[in-house]
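Novice: Prediction below, plus the sequence it came from.
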Amino acid sequence: MKTVAAISTPSGAGGIGVIRISGDSALEVAGRCFVSVSGKKPEEMGGYTAAFGHVYDGNELIDEGVLLVFRAPKSYTGEDVAEISVHGGAYVTARTLRAALNAGAAPAAPGEFTERAFINGKMDLTQAEAVMTVIGSRGAQALSAAQNALGGAVGREVGSAAEKTASLCAALSVWADYPEDDVPAVDRSSLEKGIKEIKASLDRLTAGYDAGLAVMKGVPAVICGRPNVGKSTLMNLLSGAELSIVTDEAGTTRDVVRGEVMVGSVLLNLSDTAGLRRSDNTVETIGVERARAEMDRAALILAVFDVSEPLNEEDIRLLDYCAGRRAVAVVNKTDKSVKNADVGLIKRRIGNVVFISASTGEGREELARTVEKLLGADDIDSTAPMLVSERQRSLCEKAARCLDNALGALKSGVTLDAVNVELDAALGSLYELTGKRVTEEVAKEVFSKFCVGK
Ligand SMILES: Nc1nc2c(ncn2[C@@H]2O[C@H](COP(=O)(O)OP(=O)(O)OP(=O)(O)O)[C@@H](O)[C@H]2O)c(=O)[nH]1
Ligand SMILES: [Mg+2]
């Protein structure tokens with residue numbers, strides 16, 4: 001394959017910046033822009049060896065650095081790879097990359113190194129997707145689940161479901177093709193048992209996806225409530241930063257303020273919103289409209305109430321809104337001695353009530369535990385295989401639906417051909433999930449979400 005190069009480290013100042021070159025002529029390209037002190041050429045170096053030297057673009061000295069050589073197939077991409085480590089400055093890495101391009105490499109597309117690893121059989125598609133999940137991990141549970149997928153746990157689980165499906169298909173095909181031969185008749189009840197087993201394993205995978213999402217990708221969540229109850233104070237407490245303006249004036253927040261916030265082990269894509277009330281002020285009214293739009297799209301609502309004040313009409317409207325939604329009532333300002341809010345009423349409308357002082361931070365842990373529990377993140381087994389992308393989830397679900405249809409066909413007593421058609425469709429989805437049978441477009445779509453240099 002043609003040789004490509006990219007900067008693999010983040011842009012900006014850092015100790016080291018790495019330029020990765022991969023492809024048939026990776027070592028020749030490296031030899032044209034890197035001169036080792038020992039005089040040894042990259043083509044003469046063995047795999048897993050390093051050399052100290054200097055990077056040149058033509059005759060121009062760029063930096064000193066270290067060259068690492070990987071020989072196919074023992075490299076990330078499965079091809080010959082040269083990695084040049086230089087000082088980690090935005091300019092010096094950009095110049096080193098240009099030197100590699102001038103030496104004959106083409107710029108690597110986003111995810112191209114991982115795509116090559118997939119094409120060269122170093123990993124299946126579930127592992128490739130896990131690479132980005134590892135990179136994006138924000139907490140211990142997320143990392144553990146992503147590492148697990150990277151290790152091939154999802155691929156193995158889906159692969160085993162695919163194998164079992166394929167062997168059922170094979171049995172049915174033999175029976176259908178040679179009905180009058182001495183092929184043992186397919187036993188409908190054992191067929192049903194087999195399909196049910198496969199479906200159960202797929203259902204387990206999809207069931208864990210939402211909780212996995214809570215620790216891996218972030219859940220859209222909103223802080224809402226009437227003015228002055230302490231929404232912005234809560235936003236700042238949870239994010240650990242002064243994201244929102246806090247004043248004792250009702251109607252302070254107007255724009256939606258967003259932040260990625262870890263609450264316990266859960267990653268929330270959290271919005272702080274304008275206090276809900278009717279207002280004559282145009283700007284505030286727009287703010288309230290935006291708040292309501294955020295509430296409608298949130299998967300988790302943190303409804304804030306002020307314990308020191310009696311519930312008013314807006315509070316009641318909010319309680320009604322939360323009915324049937326995934327919500328936590330956050331009863332705030334518990335540090336105040338006056339308690340006028342009818343907590344009993346709140347409890348009757350929203351099952352999950354947490355008492356907190358956003359000013360002092362008291363009750364924060366309880367809020368974290370409640371959110372974890374509500375999103376199913378409290379009993380995530382991060383050692384179990386966990387789907388890491390929407391693509392994986394939808395294919396898993398599609399396969400399970402086909403298996404369901406197969407069971408339906410089996411029960412209705414139609415010919416086993418009809419069952420086989422459904423099993424074959426399920427198999428197609430499972431193969432697409434692992435990448436065993438995948439179109440170029442699908443693979444491209446997966447890798448387009450990657451960063452350049454990975
Ligand atoms: N005593 C006490 N005061 C609080 C607490 N949380 C917030 N406050 C105060 O309540 C006032 C309003 O706080 P904000 O966080 O701005 O309230 P908000 O809900 O964002 O208000 P709007 O943006 O106007 O809707 C400020 O004076 C805060 O200092 C708390 O837990 N205890
Ligand atoms: Mg506010």
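Specialist: On my side now, so go ahead. Ligands and ions are numbered 1, 2, ... in the order given.
Novice: The lengthiest helix in the chain: which residues count as buried?
Specialist: Counting by DSSP state H, the longest helix found in the chain is helix 153-177. The neighbour-count check on helix 153-177 (16 or more other CB atoms under 10 Å) flags 153-155, 157-159, 161-162, 164-166, 168-169, 171-172, 175 as buried. Bear in mind the C-beta positions are built from the backbone N, C-alpha and C, glycine included.
Novice: likewise stretch 380-397?
Specialist: Here stretch 380-397 shows 380, 382, 385-389, 391-393, 395-397 as buried, counting by 16+ other CB under 10 Å.
Novice: Ends of that stretch, what's the gap?
Specialist: One end of stretch 380-397 sits 20 Å from the other (CA to CA, to the nearest Å).
Novice: Distance from that stretch to the middle of the chain?
Specialist: Centroid separation for stretch 380-397 versus its chain: 10 Å, with CA atoms, centre = their mean, to the nearest Å.
Novice: ok, now stretch 82-97?
Specialist: So, by CA atoms, centre = their mean, the centroid of stretch 82-97 is 29 Å from its chain's centroid.
Novice: got it, and stretch 13-24?
Specialist: Using CA atoms, centre = their mean, the offset of stretch 13-24 from its chain centre is 25 Å.
Novice: ranges for the strands of this structure?
Specialist: With DSSP state E as the criterion, the chain has strands at 4-7, 14-22, 34-36, 49-57, 60-70, 81-88, 106-107, 219-224, 257-263, 266-272, 300-306, 327-332, 353-355.
Novice: now these as a markdown table including mean neighbour count, distance to ligand 2 and mean pLDDT?
Specialist: Shown next, in a markdown table, are these (neighbours: other CB atoms under 10 Å; distance: least, CB to the ion, whole Å; pLDDT from 0 to 100):
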| stretch | mean neighbour count | distance to ligand 2 | mean pLDDT |
| --- | --- | --- | --- |
| strand 4-7 | 25 | 41 | 98 |
| strand 14-22 | 22 | 37 | 96 |
| strand 34-36 | 22 | 55 | 98 |
| strand 49-57 | 17 | 52 | 98 |
| strand 60-70 | 18 | 49 | 98 |
| strand 81-88 | 23 | 40 | 98 |
| strand 106-107 | 14 | 45 | 97 |
| strand 219-224 | 24 | 9 | 96 |
| strand 257-263 | 18 | 8 | 95 |
| strand 266-272 | 25 | 6 | 94 |
| strand 300-306 | 25 | 10 | 98 |
| strand 327-332 | 24 | 12 | 98 |
| strand 353-355 | 18 | 19 | 98 |
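Novice: can you tell which of the ones you listed is closest to residue 414?
Specialist: Judged by CB to CB, the one of these that comes nearest to residue 414 is strand 219-224, at 42.6 Å.
Novice: For residue 47, which residues are in contact?
Specialist: Applying CB atoms under 8 Å, 6 or more residues apart in numbering, we find residue 47 in contact with 69-71, 74-75.
Novice: Now do residue 27 against residue 82, distance only.
Specialist: Look at residue 27 and residue 82: by CB to CB, to the nearest Å, they are 6 Å apart.
Novice: What of residue 247?
Specialist: In terms of CB to CB, residue 247 sits 57 Å off from residue 82.
Novice: neighbours around the closest residue to residue 340 other than its chain neighbours, how many?
Specialist: Nearest residue to residue 340 in three dimensions, chain neighbours excluded: residue 310, at 4.7 Å (CB to CB, 6 or more residues apart in numbering). Look at residue 310: counted by other CB atoms under 10 Å, it has 9 neighbours.
Novice: Report the contact partners of residue 310.
Specialist: Per CB under 8 Å, 6+ apart, neighbours of residue 310: 340-342.
Novice: Make a ChimeraX selection of the buried ones in these.
Specialist: Restricted to buried positions by 16+ other CB under 10 Å, the ChimeraX selection for the contacts of residue 310 reads:
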select :341
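Novice: Same list, the contacts of residue 310, but as TSV with pLDDT and distance to ligand 1 please.
Specialist: Formatted as TSV, these follow (pLDDT from 0 to 100; distance: CB to the nearest ligand atom, whole Å):
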residue	pLDDT	distance to ligand 1
340	96	14
341	96	13
342	97	19
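Novice: that older thread, relative to ligand 1, how far out is the residue nearest to residue 340?
Specialist: 16 Å (CB to the nearest ligand atom, to the nearest Å).
Novice: next one: residue 91
Specialist: From residue 91 to ligand 1 the distance is 43 Å (CB to the nearest ligand atom).
Novice: Tally up the residues packed near that residue, please.
Specialist: 12.
Novice: what sits up against stretch 227-243?
Specialist: Contacts for stretch 227-243 (CB under 8 Å, 6+ apart): 223-225, 244-246, 248-253, 257, 259, 261, 263, 268, 270, 272-277, 302, 304-306, 330, 332-333, 356, 358-359, 361, 364.
Novice: hmm, I was thinking of stretch 421-434
Specialist: Contacts of stretch 421-434 (CB under 8 Å, 6+ apart): 124-126, 155, 158-159, 161-162, 165-166, 168-169, 172, 195, 198, 391-392, 395-396, 398-400, 402-403, 405-406, 409, 437-438, 442.
Novice: Hey, what's the angle from the helix or strand bottoming out on mean pLDDT in the chain to strand 300-306? Just curious.
Specialist: Among the helices and strands of the chain, helix 209-216 carries the lowest confidence by mean pLDDT, DSSP states H and E, at a mean of 81. With axes from the mean of the first three to the mean of the last three CA atoms, to 10 degrees defining the directions, helix 209-216 sits at 60 degrees from strand 300-306.
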